[in-house]
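Enquirer: return a 3D structure for these sequence lines:
(4 chains, ligands or ions: 8)
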Protein chains: 4
Amino acid sequence: MQSMMKSLIISEPGKMAIAEMPRPAPKADEVLIRVRASGICGTDVHIYNGGFTASYPVVPGHEFAGEVVAVGPECSRVPVGARVAVEPNVPCNNCPECLRGEHHFCRNMIVPGVNRSGGMAEYVVVNERGAFDIGDLSFVEGALVEPLSCVVHATERLGVGWAEHVLILGAGPIGILMGRLIRARGAARVDYLERSPGRLARAAAMGLGEVYSSSGDIADKVYDAVADASGSSALVAEAANRLTRPRGRVLVFGVPHKSGQIALDHFRIYREEISVIASFTSLKNSIQAIDLMKSKTIDVSDVVSHQIKLSECPDYILRMQAGDGDLRKVTVTDFTN
Amino acid sequence: MQSMMKSLIISEPGKMAIAEMPRPAPKADEVLIRVRASGICGTDVHIYNGGFTASYPVVPGHEFAGEVVAVGPECSRVPVGARVAVEPNVPCNNCPECLRGEHHFCRNMIVPGVNRSGGMAEYVVVNERGAFDIGDLSFVEGALVEPLSCVVHATERLGVGWAEHVLILGAGPIGILMGRLIRARGAARVDYLERSPGRLARAAAMGLGEVYSSSGDIADKVYDAVADASGSSALVAEAANRLTRPRGRVLVFGVPHKSGQIALDHFRIYREEISVIASFTSLKNSIQAIDLMKSKTIDVSDVVSHQIKLSECPDYILRMQAGDGDLRKVTVTDFTN
Amino acid sequence: MQSMMKSLIISEPGKMAIAEMPRPAPKADEVLIRVRASGICGTDVHIYNGGFTASYPVVPGHEFAGEVVAVGPECSRVPVGARVAVEPNVPCNNCPECLRGEHHFCRNMIVPGVNRSGGMAEYVVVNERGAFDIGDLSFVEGALVEPLSCVVHATERLGVGWAEHVLILGAGPIGILMGRLIRARGAARVDYLERSPGRLARAAAMGLGEVYSSSGDIADKVYDAVADASGSSALVAEAANRLTRPRGRVLVFGVPHKSGQIALDHFRIYREEISVIASFTSLKNSIQAIDLMKSKTIDVSDVVSHQIKLSECPDYILRMQAGDGDLRKVTVTDFTN
Amino acid sequence: MQSMMKSLIISEPGKMAIAEMPRPAPKADEVLIRVRASGICGTDVHIYNGGFTASYPVVPGHEFAGEVVAVGPECSRVPVGARVAVEPNVPCNNCPECLRGEHHFCRNMIVPGVNRSGGMAEYVVVNERGAFDIGDLSFVEGALVEPLSCVVHATERLGVGWAEHVLILGAGPIGILMGRLIRARGAARVDYLERSPGRLARAAAMGLGEVYSSSGDIADKVYDAVADASGSSALVAEAANRLTRPRGRVLVFGVPHKSGQIALDHFRIYREEISVIASFTSLKNSIQAIDLMKSKTIDVSDVVSHQIKLSECPDYILRMQAGDGDLRKVTVTDFTN
Ligand SMILES: NC(=O)c1ccc[n+]([C@@H]2O[C@H](COP(=O)([O-])OP(=O)(O)OC[C@H]3O[C@@H](n4cnc5c(N)ncnc54)[C@H](OP(=O)(O)O)[C@@H]3O)[C@@H](O)[C@H]2O)c1
Ligand SMILES: NC(=O)c1ccc[n+]([C@@H]2O[C@H](COP(=O)([O-])OP(=O)(O)OC[C@H]3O[C@@H](n4cnc5c(N)ncnc54)[C@H](OP(=O)(O)O)[C@@H]3O)[C@@H](O)[C@H]2O)c1
Ligand SMILES: NC(=O)c1ccc[n+]([C@@H]2O[C@H](COP(=O)([O-])OP(=O)(O)OC[C@H]3O[C@@H](n4cnc5c(N)ncnc54)[C@H](OP(=O)(O)O)[C@@H]3O)[C@@H](O)[C@H]2O)c1
Ligand SMILES: NC(=O)c1ccc[n+]([C@@H]2O[C@H](COP(=O)([O-])OP(=O)(O)OC[C@H]3O[C@@H](n4cnc5c(N)ncnc54)[C@H](OP(=O)(O)O)[C@@H]3O)[C@@H](O)[C@H]2O)c1
Ligand SMILES: [Zn+2]
Ligand SMILES: [Zn+2]
Ligand SMILES: [Zn+2]
Ligand SMILES: [Zn+2]
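Expert: Ligands and ions are numbered 1, 2, ... in the order given. Here you go, the predicted model:
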């Protein structure tokens, strides 16, 4: 008789419930993980809303960590008992994008929580290639490997020069991580622009630089680089059109509205050699993300604001849907209740 | 008694005339050049129109070559008798931009033809740092060093990968040079988009790839990179929003209208990691431009369409102002008539 | 009854013979190729000599192209009938090196001709990930994809600046290809150093630059970069210690004796900021290599000097072992005799 | 009557004395600085020994900071009263190396303390282009701008990847700074190899990683990069031949004996794609060095071990010549005694 397990199932847009379902079994190159921490991401809310294409019904969750409890016969790297974080996007290694090394644009990507069962369950199966040993890190830290690896990739796309002055647009959990990473990459100063007063205060408390509640408050200062973690098209345009020095760079990272337009001042872009650079998910950055936490290069202790039970997950998805500003990263850590 | 010389003088926007003026004398770190070839650039037309800030009255001309006939006492590199091309932009080496190696953004740039007397005269004085030996190249080729060095810089900004497929927007003289340089940098194929039928035919004849008269004709193909040599904001936007592959790059090089806006599809930029990169003038590329001509890496023989007398220069400036499509690069080669 | 096929088998170092063996069958993610051209490489000679670790008995051959005649059920990209070149090194995508994108250092590499049956046979099986459509290229050209991709990778490792002057050490078939690629990447000039008079004459005939029969003949000239395709430790040292300009780069590409030492002048390396850079096989360069041939960016028509029968292969391996200078690339094109 | 000032003069190798000499006057593009802190560098010892070519008699000292007390009429950036650090190497901007942007290889470099009077005096004249505002930094910190800028340049040459593991050879003052900079650039861990027990203990106390007293103690660990701050040819060779992972990089930074040879294992360099990269002085890194101190990215408080009087300078030069291990950076801060 096959064992059963608890999971969160989004059966179709707008419908979710905790349910019992059979515990999955790993294929030859897969591992079975007992999930110990699984973060709720904006994408999960989009999947619930129907704004992001998923294979319904789906168990959401693509930011998770846990313990390996079984491995398929072709696995070689990750043993039973390993504590692992999961890089959810597993590329095919055989499409044109994979074949030129741009695996994060794989045409045949398999993603737990999107097109196969994800981490909001007691157990999950992933390809061994997506499982990474986290050593002594906590599982809650492990569940941050995915978002942190996106930010690592972002800094690689943007490039950070020694002693640069950088402005971050948006001081949500991701903006906070990005500022810390940019500072840890050798920037002299990181300023923030954020409209939520509470978040602005938290950003100010980090002491990385100045904070502004409106771009109008940034009078004459220009930056070596501006990184967007707000998704605002207007702010990205203002960054390129006004807030950067000659040769400055603007990073497009925040996810915008589908119809958002960045209205670039063409003459200024040309005359000042401004670059607009984008960053999408990550590209082989999980090991770096783990090492940055292990080596205490990056502090992530304040990113997770709530540790919850699986049964509370629907409630929190609804609160995130409603835009509750008190939530930073919400992480399921109890999967049996 | 000081010798006199013929020159073209733009006394104020809308007024130009051939006049006699005293032959200039070089300062300690300057060289006196007898001009032998001097190209008319769109910028000269703008200076005539008043659309580009110059120190009126001004002798225009910043694309020129000639023979060194006298050198100041502190000169060490360029001897009397040398055949030289001139890099017009001479930076101060002492402002913030110069001090971080971005000399083309010098705040105190001295530019013959813009804020001191330029090359549309029998003689001109330039700082020795801006004079480069052209060896056996013709003076007409020497007068192409400045535009070619801009295109060299453009390819460095854009980056060209082995075997890439690149689309050039605009098949004017600069677009033609850019396509050749991109091909000579290892691209497998260079396509053109150009609305002028004559220019499109010339581009097709080069045999570097396909040519299109309208972006609507480019159905499914996407490029590794698109380089703009048209100045059209709409085309640059379309390049970023539709004509590039994931991770594609768009080069902003053509000079747009002052009020032009590039309307980027924010979501696509993010989701496909599109980069928009700009290129302005050149940065230490004159020696490379000369070597590319000397080594026959780049063919420039068809760029100059007209070799004229100094006295004809006003006429040609007016024809260029009127948008005469038959003119490619017009070069003054006779300065005594 | 399983079909049989002809193949060359090296049963142990020093022993090789043509033999009949069963035609292999593809696994789920593999394709069966009817080999149409298969080049003999120095590595094959080393495998025959025992100087390169292989899984004896082995069918050698890792530079080959042919027609796909069957595909496993999980294959998706390469159809039956496709004309393909093969990238022999198929990485695991799951070891530390693969996981940081350095697939050519995979710890579990599968290589036809080395640790599984290779291309010196009528048929061969390869993983679909290593099969690349060659379109209209000839199979003989297809068999050059592997060596050409190594040289593409070499130019990426070395970096080639616009209008650079480069010296190639060794004008064997690989040195010739390397000079052409470096020129096609924007170098102004490529000189050669080669001791074999015949090869020196061929290099001179290409017209890319000067040729020298001894480094002693290179008196005062220094290069932006020197690329080794000779394997000589003494030449590589001389390149770094004498033949490069300040900031010059030296590429280690030729395979040296196991005990070879490069004796660098430590003070000069430091004082002149010389870089020594190495290049080993290739990293996702097969598609580029194919496109460089298709687009006629690189001429390879003179690389193959002999097209032979499979039955002649042992003789040619022995001739190569003896150092026959008349042989450039020897390619088996008739597998039934 | 011209004012006189105290200075240290090395009249010829082996002869030095404190002497009165006329206070210099700045030329048009120069500034007069009242020196407030001036560090003794190994190069000063070499100039005393005659092992480094200088224009004897010479006032040594090229690591210094002070107050601007007069400026020439062509100066524009640095006002009287400014607190400045000095970048000693002032390039000509007109030789082949300067013209390709490699100003630190200028053929006509002017260097206070080497070929003109330097900082071991009450006053010194430097070109305005070499003077950089230090704001609130102390003058002792200002005197560290020169060595720190060399280390900044070194990290740019080496490149530091996110979360890399780096080994530093030599834990002298420069090795200590280098480790801190590499960590501040995003490395996860910095280990040290140093034979002096006292220095090893200080390195261990920084807590950046492991410390080793002999390379023999580093058994199986391999590094992403190894940076030499010891000058030992044997260690650099061992770094390349054994202590690096595939694709590892070795930085040549320490100044070796003139006859030192790095004996590279040619086969390993090739097979593992090891890079050997060198770094010489700095290239436009002074502003970065100042900003890294101002922003407290780098702690330099323990680098200066002794603040001395000008009159003590000869004694300390002799102690450094004798190899006194207790001395870290010795800085003259009292110029009137
Ligand atoms: N590129 C990738 O791979 C990647 C990966 C992960 C996340 N992301 C994206 O990165 C962004 C940041 O993530 P997050 O979790 O930190 O999101 P978040 O919690 O929504 O934070 C965004 C912050 O930006 C602020 N903001 C938005 N518009 C603003 C404006 N016009 N002026 C001032 N502040 C403004 C928001 O304030 P309010 O709360 O008042 O709106 C909010 O505090 C999101 O768009 C996310 O989707 C991208
Ligand atoms: N970045 C730099 O440093 C730098 C340096 C030099 C030059 N430039 C700029 O580079 C551009 C090219 O120079 P050029 O001398 O070759 O100029 P050009 O002769 O004006 O060529 C531009 C070409 O683009 C075509 N074009 C414009 N809009 C188009 C559209 N919507 N669809 C199709 N074709 C279109 C034009 O056709 P029509 O003739 O029909 O308008 C023309 O043939 C100019 O903008 C120039 O100012 C920049
Ligand atoms: N890094 C990689 O991934 C990779 C890939 C493919 C090939 N390779 C290596 O690349 C090298 C070139 O390949 P190939 O097929 O062209 O080899 P090749 O035919 O052996 O050519 C090497 C040439 O260098 C000449 N040479 C050797 N020592 C010399 C010296 N001291 N002075 C002057 N000339 C000297 C040889 O002359 P003689 O004939 O007189 O000896 C020969 O003509 C080989 O070492 C090969 O193993 C490396
Ligand atoms: N590239 C540049 O632009 C640049 C700029 C500034 C400085 N430098 C050079 O950088 C190096 C470091 O400067 P520094 O001021 O820190 O010099 P330092 O005080 O001489 O420190 C070098 C350290 O390396 C140790 N060491 C030498 N050989 C060793 C070996 N075989 N095994 C273990 N440890 C060894 C020395 O130990 P002992 O004391 O026992 O010998 C010493 O502690 C010097 O060579 C300096 O000239 C280069
Ligand atoms: Zn894929
Ligand atoms: Zn300037
Ligand atoms: Zn692998
Ligand atoms: Zn110079």
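
Enquirer: close to chain B: what parts of the stretch 101-250 of chain A are there?
Expert: When proximity is defined by C-beta under 8 Å from any C-beta of the partner chain, the stretch 101-250 of chain A lies next to chain B at A:102, A:105, A:157, A:233, A:236, A:246-247. For every residue, glycine as well, the C-beta is placed using N, CA and C.

Enquirer: again, only using 10 Å
Expert: By C-beta under 10 Å from any C-beta of the partner chain, the residues of the stretch 101-250 of chain A that approach chain B are A:102, A:104-105, A:107, A:153, A:157, A:161, A:224, A:228, A:231-233, A:236-237, A:240-241, A:245-247, A:249-250.

Enquirer: in strands only, show me those.
Expert: Residues of those located in strands (DSSP state E): A:224, A:228, A:245-247, A:249-250.

Enquirer: determine which two of those residues are furthest apart.
Expert: Greatest spatial distance among those (C-beta to C-beta): A:228 and A:246, at 19.9 Å.

Enquirer: so between these two, which is more surrounded?
Expert: Shown here are residue A:228 and residue A:246; by other C-beta atoms under 10 Å in any protein chain shown, residue A:228 has more neighbours (30 against 17).

Enquirer: from residue C:125, how far out is the more buried one?
Expert: Per C-beta to C-beta, to the nearest Å, residue A:228 is found 49 Å from residue C:125.

Enquirer: go on, residue A:88?
Expert: Distance from residue A:88 to residue C:125, by C-beta to C-beta: 33 Å.

Enquirer: which one of the two has more residues nearby?
Expert: Neighbours were counted for residue A:88 and for residue C:125 using other C-beta under 10 Å; residue A:88 has more, 26 against 18.

Enquirer: need the pLDDT of the more buried one.
Expert: On pLDDT, residue A:88 comes in at 96.

Enquirer: ok, now which ones touch it?
Expert: Shown in contact with residue A:88 (C-beta atoms under 10 Å, 6 or more residues apart in numbering or on different chains): A:41, A:61-64, A:109-114, A:116, A:118-119, A:124, A:126-127, A:130, A:146, A:281-282, A:286.

Enquirer: my read is it is in a strand, agree?
Expert: No - assigned with DSSP: H, G, I helix; E, B strand; the rest coil, residue A:88 falls outside any strand and is coil.

Enquirer: pLDDT score for the nearest residue to residue A:27 once chain neighbours are set aside?
Expert: Distances taken as C-beta to C-beta, 6 or more residues apart in numbering or on different chains place residue A:72 nearest to residue A:27, at 5.4 Å, with adjacent residues excluded. Note for residue A:72: predicted pLDDT of 98.

Enquirer: quickly check: stretch A:314-333 near ligand 1 or not.
Expert: Yes - on the criterion C-beta under 6 Å from any ligand atom, stretch A:314-333 is in touch with ligand 1 at residue A:325.

Enquirer: for chain A, just list every one of the helices.
Expert: A:42-49, A:96-99, A:139-142, A:145-158, A:173-184, A:197-206, A:233-241, A:266-272, A:286-294, A:313-321 (DSSP state H).

Enquirer: so what secondary structure elements neighbour the fifth one?
Expert: Contacting helix A:173-184 under the criterion 3 or more C-beta pairs under 10 Å, 6 or more residues apart in numbering or on different chains; DSSP states H and E are the following elements: helix A:145-158, strand A:165-169, strand A:189-193, helix A:197-206, strand A:223-228, helix A:286-294, strand A:329-334, helix D:173-184.

Enquirer: let me know the angle separating that helix from strand A:329-334.
Expert: Put simply, helix A:173-184 runs at 110 degrees to strand A:329-334, going by axes from the mean of the first three to the mean of the last three C-alpha atoms, to 10 degrees.

Enquirer: mind checking how far helix A:173-184 is from the chain centre?
Expert: For helix A:173-184, the distance from its own C-alpha centre to the chain's C-alpha centre is 12 Å (C-alpha atoms, centre = their mean, to the nearest Å).

Enquirer: with only the CA atoms kept, save it in PDB.
Expert: This file holds the C-alpha atoms of helix A:173-184, laid out as PDB (Å, rounded to 0.1, in the frame of the first residue of the first chain):
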ATOM      1  CA  PRO A 173      12.600  41.300   0.900                       C
ATOM      2  CA  ILE A 174      14.300  41.000  -2.400                       C
ATOM      3  CA  GLY A 175      15.400  44.600  -2.500                       C
ATOM      4  CA  ILE A 176      16.900  44.200   0.900                       C
ATOM      5  CA  LEU A 177      18.900  41.100  -0.200                       C
ATOM      6  CA  MET A 178      20.000  42.800  -3.300                       C
ATOM      7  CA  GLY A 179      21.400  45.800  -1.400                       C
ATOM      8  CA  ARG A 180      23.300  43.500   0.900                       C
ATOM      9  CA  LEU A 181      24.700  41.500  -2.000                       C
ATOM     10  CA  ILE A 182      25.700  44.600  -3.900                       C
ATOM     11  CA  ARG A 183      27.500  45.900  -0.900                       C
ATOM     12  CA  ALA A 184      29.100  42.500  -0.300                       C
END
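
Enquirer: which bits of chain A sit near chain D?
Expert: For chain A, the contact set with chain D under C-beta under 10 Å from any C-beta comprises A:152-153, A:155-156, A:160-165, A:181-189, A:208-209, A:285, A:287-298.

Enquirer: can you flag the buried ones in the residues you listed?
Expert: In these, burial by neighbour count holds for A:152-153, A:155-156, A:160-165, A:181-189, A:208-209, A:285, A:287-295, A:297-298, counting by 16 or more other C-beta atoms under 10 Å in any protein chain shown.

Enquirer: strands along the stretch 1-150 of chain A, start to end?
Expert: A:4-12, A:15-22, A:30-39, A:63-71, A:83-86, A:123-127, A:131-133 (DSSP state E, counting those that start in this stretch).

Enquirer: need the ones you listed in a markdown table with distance to residue C:269, can you?
Expert: Converted to a markdown table, the strands of the stretch 1-150 of chain A look like this (distance: least, C-beta to C-beta, whole Å):
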| stretch | distance to residue C:269 |
| --- | --- |
| strand A:4-12 | 60 |
| strand A:15-22 | 63 |
| strand A:30-39 | 47 |
| strand A:63-71 | 46 |
| strand A:83-86 | 41 |
| strand A:123-127 | 45 |
| strand A:131-133 | 38 |
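
Enquirer: which one is residue A:291 nearest to, not counting chain neighbours?
Expert: residue D:163 (3.7 Å).

Enquirer: may I have the phi/psi pair for that neighbour?
Expert: phi 70, psi 20 (degrees, to the nearest 10).

Enquirer: isn't residue A:204 right up against residue A:171?
Expert: Yes - using C-beta atoms under 10 Å, residue A:204 is in contact with residue A:171, at 9.0 Å.

Enquirer: which neighbours do these two share?
Expert: A:192, A:194, A:211.

Enquirer: neighbours around the first one, how many?
Expert: Yep, that's residue A:192 we're talking about. By the criterion of other C-beta under 10 Å, residue A:192 has 27 neighbours.

Enquirer: what's residue A:68 in contact with, if anything?
Expert: Each residue near residue A:68 by C-beta under 10 Å, 6+ apart is listed here: A:26, A:31-34, A:75, A:78-84, A:126, A:128, A:131, A:133.

Enquirer: ok, the residue nearest to it when sequence neighbours are not counted to residue A:89 distance?
Expert: Excluding the flanking residues, the one nearest residue A:68 by C-beta to C-beta, 6+ apart is residue A:82, at 4.5 Å. According to C-beta to C-beta, residue A:82 and residue A:89 sit 20 Å apart.

Enquirer: tell me the residues of chain A that contact chain C?
Expert: A:29, A:74-78, A:87, A:90-96, A:98-103, A:107-108, A:127-132, A:283-288.

Enquirer: whichever of the residues you listed end up buried, select them in PyMOL.
Expert: Buried residues among the residues of chain A next to chain C (16+ other C-beta under 10 Å), as a PyMOL selection:
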select buried, chain A and resi 29+75+77+78+87+90+91+92+93+94+95+98+99+100+102+103+127+128+129+130+131+132+283+284+285+286+287+288
